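Visitor: what's the 3D shape of this:
(one chain, ligands or ions: 2)
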Amino acid sequence: ARTAAVIPAAGRGVRLGPGAPKALRALNGTPMLIHAVRAMAASRAVSLVVVVAPPDGAAEVKTLLDAHALPERTEFLVVPGGDSRQESVRIGLDALPPGIDIVLVHDAARPLVPVDTVDAVIEAVREGAPAVVPALPLADTVKQVEPAVVAGEPEPVVATPERALLRAVQTPQGFDRDTLVRAHETVTENVTDDASMVEQLGLRVVVVPGHEEAFKVTRPLDLVLAEAVLARRRL
Ligand code: CTP
Ligand code: MG
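Guide: Ligands and ions are numbered 1, 2, ... in the order given. Next comes the predicted model:
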């Protein structure tokens with residue numbers, strides 16, 4: 001079974017604040033995207049990495065990838081992304097060559113995921129799950145609210161789901177290729193992760209243990225944490 005990783009990296013990173021597209025921001029001197037590509041290439045099972053670049057940044061991303069050494073066994077492709085994460089993933093899937101039968105989808109914004117997590121996801125797909133997500137229990141209690149019409153107004157609480165039953169989902173999410181392609185052809189409404197599209201097909205999605213270091217760089221404080229983790233690894 002040949003495995004490819006599709007890396008959606010086409011977002012602006014609005015919540016991170018002004019600057020370059022998020023995937024191209026540096027973490028301890030190296031672009032976040034390069035860390036993310038290396039995290040996928042670190043798995044011996046991954047033979048191809050498809051980077052879905054900012055729409056106007058494909059050439060720059062190609063140059064970056066040429067400049068940063070990847071393992072000999074890893075090929076890469078760069079394609080320009082779309083307006084939503086979902087569209088960017090679909091563009092990445094369309095670029096996959098024949099012969100790939102397992103696909104990982106991994107956010108460029110999760111540059112520090114350890115290789116053991118990547119391998120655990122691939123292993124669970126190999127063992128027959130059509131969709132696999134790494135996830136962690138929640139630290140915070142979660143409330144469902146009636147969203148405020150005016151920002152900042154108090155929001156009525158609707159419900160408190162039992163925390164022990166909830167998981168915070170990360171990437172890479174792993175899929176049987178044909179299943180994920182079908183999910184992207186079938187599901188038209190907006191979703192925030194790929195596995196939920198497979199759930200909508202009525203197929204079984206399973207969770208494997210995620211990792212704290214697979215957190216998503218979303219807001220400025222996340223950059224501080226990511227650089228501290230890298231410093232601890234001496235990268
Ligand atoms: N992504 C993408 N194409 C888009 C939007 C997002 O490929 N049109 C990617 C991002 O580059 C990121 C991943 O999807 O690697 C997860 O999205 P998120 O963390 O929300 O990143 P951004 O959308 O860039 O950030 P923000 O929502 O703060 O603008
Ligand atoms: Mg976003």
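Visitor: just give me the neighbour total for A164.
Guide: Applying other C-beta atoms under 10 Å, we find 8 residues neighbouring A164. Where you see a C-beta, it was placed from the backbone N, CA and C, and this is true even at glycine.
Visitor: state the distance from it to ligand 1.
Guide: Look at A164 and ligand 1: by C-beta to the nearest ligand atom, to the nearest Å, they are 27 Å apart.
Visitor: my guess is that residue contacts P137. True?
Guide: Yes - here A164 reaches P137: they are 7.4 Å apart, a contact under C-beta atoms under 8 Å.
Visitor: in the chain, what residue lies closest to ligand 1?
Guide: The chain approaches ligand 1 most closely through G11 (2.0 Å), counting by C-beta to the nearest ligand atom.
Visitor: which bits of this structure sit near ligand 1?
Guide: Residues of the chain lying near ligand 1 by C-beta under 6 Å from any ligand atom: 8-15, 22-23, 52, 81-85, 88, 107-109, 216, 218.
Visitor: you'd agree the residue of the chain closest to ligand 1 is up against K22?
Guide: Yes - in this structure, G11 is within contact of K22 by C-beta under 8 Å, at 5.8 Å.
Visitor: mutual contacts of these two, please.
Guide: Taking C-beta atoms under 8 Å, 6 or more residues apart in numbering as the contact rule, G11 and K22 both touch A108, A109.
Visitor: so for those two, which residue has more residues nearby?
Guide: More crowded of G11 and K22, by other C-beta under 10 Å: K22, with 25 against 20.
Visitor: circling back to that earlier point, show me which of the residues of the chain next to ligand 1 are buried.
Guide: Among these, the ones that count as buried by 16 or more other C-beta atoms under 10 Å are 8-11, 13, 22-23, 52, 81-82, 85, 88, 107-109, 218.
Visitor: what residues sit buried inside the longest helix seen in the chain?
Guide: Using DSSP state H, we find that the single longest helix of the chain is helix 220-233. For helix 220-233, the neighbour count (16+ other C-beta under 10 Å) marks L223, A226, V229, L230 as buried.
Visitor: what sits against the first one?
Guide: By C-beta under 8 Å, 6+ apart, the contact list for L223 reads L16, R25, L27, V217.
Visitor: farthest pair in these?
Guide: Across the contacts of L223, no pair lies farther apart than L16 and L27, at 11.8 Å, counting by C-beta to C-beta.
Visitor: shared neighbours of the two, which are they?
Guide: V217, L223.
Visitor: can you give me the strands in the chain?
Guide: 2-8, 26-27, 30-31, 46-53, 75-80, 100-105, 131-137, 144-145, 157-159, 167-169, 173-176, 205-209 (DSSP state E).
Visitor: now render the ones you listed as CSV, adding mean pLDDT.
Guide: Formatted as CSV, these follow (pLDDT from 0 to 100):
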stretch, mean pLDDT
strand 2-8, 98
strand 26-27, 97
strand 30-31, 97
strand 46-53, 98
strand 75-80, 97
strand 100-105, 98
strand 131-137, 98
strand 144-145, 98
strand 157-159, 98
strand 167-169, 98
strand 173-176, 98
strand 205-209, 98
